[in-house]
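>>> Below are the sequence and a predicted model; questions follow.
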Amino acid sequence: MLNLGTMKLNADLGESYGNWQFDADVDIMPLIDMANIACGGHAGDPSTMHKTIHMAAQHNVAIGAHPSYPDLQGFGRRSMRITPQELKLIIQAQIATLDGLAKCQGQQLSYVKPHGALYNDMMSDEEVWFAVIEAMAEFYVNLPLVVQASEQNYTRRMEARKHGVELLFEAFADRLYLDSGLLSPRSHPGAVLTFNESFEQAKSLIKKNEVISISGTVLSCEADTICVHGDTLNALKTVERIRSLLLDVQA
């Protein structure tokens, strides 16, 4: 389970599927605190889920479900028009799959973090937000939900608590922020930061609880955890540098 006394480092892992394989997971896993494991919506077949759960357990890394829209072809990065009731069941089914596979290895889930377009829609669309919250509230066990940190942290936390759901707030090392505090769409130039940009952004988040937006505006960003996407260029190098920075800060 998670101990949130200090900033945690998380990564999206287990995103292989069939012949489509990511090779960085083995190297990244020992360096992080939280593994967001794909559970079939955008990636993650049963074999990959099993293997990734096992790796997380070996390195004492908290296991999180990483559900998405049902979009294998688009890697979960395309918004989909789905009724709230159907979306709740889609989310619960993915969480339950990873939860069951974890239990087969004597492990348990520690949290849930939506993926891709579902995550972004959750933060910008009230109907999607409440569908996700209700999916969590109606799951058979209470699990914290990871959401994007912003100046609306307090409001989000109070909304979720009305449904009995606790939130963990997350910031991103490798993504460009808009002035609104949301992430720049991946289709926009510069939306995915370079290695040096990612490290500087992580340093600002960890040391100052701040992030610089696309226009140069300083945004307050108090987070429990910082994310690096495992499928981005130089992901391993970025994780290594951020882990070193966290160790220095915590020393």
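That came through fine.

>>> need the helices for this structure, in chain order.
25-28, 46-58, 84-104, 116-124, 126-137, 153-161, 195-208, 235-250 (DSSP state H).

>>> Just say which of those is most tucked in.
Among the helices of the chain, the stretch with the highest mean neighbour count (mean count of other CB atoms under 10 Å) is helix 116-124, at a mean of 21. To be clear about C-beta, it is placed using only N, CA and C from the backbone, and glycine gets the same treatment.

>>> With distance to Cys221 and mean pLDDT added, can I get the helices of the chain in JSON lines?
As requested, the helices of the chain are exported to JSON lines (distance: least, CB to CB, whole Å; pLDDT from 0 to 100):
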{"stretch": "helix 25-28", "distance to Cys221": "23", "mean pLDDT": "92"}
{"stretch": "helix 46-58", "distance to Cys221": "26", "mean pLDDT": "97"}
{"stretch": "helix 84-104", "distance to Cys221": "26", "mean pLDDT": "98"}
{"stretch": "helix 116-124", "distance to Cys221": "13", "mean pLDDT": "96"}
{"stretch": "helix 126-137", "distance to Cys221": "19", "mean pLDDT": "98"}
{"stretch": "helix 153-161", "distance to Cys221": "9", "mean pLDDT": "97"}
{"stretch": "helix 195-208", "distance to Cys221": "6", "mean pLDDT": "94"}
{"stretch": "helix 235-250", "distance to Cys221": "15", "mean pLDDT": "91"}
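
>>> Go through those and name the closest to Ser184.
Ranking these by proximity to Ser184 (CB to CB) places helix 116-124 first, at 10.4 Å.

>>> Residues touching the closest one, excluding its own?
Applying CB atoms under 8 Å, 6 or more residues apart in numbering, the set of residues contacting helix 116-124 from outside is 41-42, 67-69, 71, 75-80, 91, 113-114, 128-129, 132, 147-148, 150, 182-183.

>>> are any of these buried, and which?
Applying 16 or more other CB atoms under 10 Å to the contacts of helix 116-124, the neighbour count classes 41-42, 67-69, 71, 75-77, 79, 91, 113-114, 128-129, 132, 147-148, 150, 183 as buried.

>>> show me the contacts for Lys203.
Lys203 neighbours (CB under 8 Å, 6+ apart): Leu245.

>>> Okay, it and Val132: tell me how far apart.
31 Å (CB to CB, to the nearest Å).

>>> Just give the nearest non-adjacent residue to Phe195, would you?
Excluding its sequence neighbours, the residue lying closest to Phe195 (CB to CB, 6 or more residues apart in numbering) is Asn234, at 4.3 Å.

>>> partner residues bridging Phe172?
Beta-bridge pairing for Phe172 (DSSP bridges): Cys227.

>>> doesn't Ala223 make contact with it?
No - look at Phe172 against Ala223 with CB atoms under 8 Å: they stay out of range, at 9.1 Å.

>>> got a pLDDT number for the residue nearest to Phe195?
At Asn234, the model reports a pLDDT of 85.

>>> Can you report phi and psi for it?
The phi/psi pair for Asn234 (degrees, to the nearest 10) reads phi 70, psi 20.

>>> count of neighbours near it?
Neighbourhood size, Asn234 [other CB atoms under 10 Å]: 18.

>>> give the contact list for it.
Thr194, Phe195, Ser198.

>>> Next one: Gly18, what pLDDT does it get?
63.

>>> Identify the spatial nearest neighbour of Gly116, chain neighbours not counted.
With CB to CB, 6+ apart, the residue lying closest to Gly116 is Gly76, at 3.8 Å.

>>> hang on, that neighbour packs against Ser68?
Yes - with contact defined as CB under 8 Å, Gly76 counts as touching Ser68 (3.4 Å).

>>> Could you tell me which residues touch both of these two?
By CB under 8 Å, 6+ apart, the residues touching both Gly76 and Ser68 are Gly41, His42, His115, Gly116, Ala117, Leu118.

>>> Grab the nearest non-local neighbour of the second one.
This means His42. Here the residue nearest His42, using CB to CB, 6+ apart, is Gly76, at 2.7 Å.
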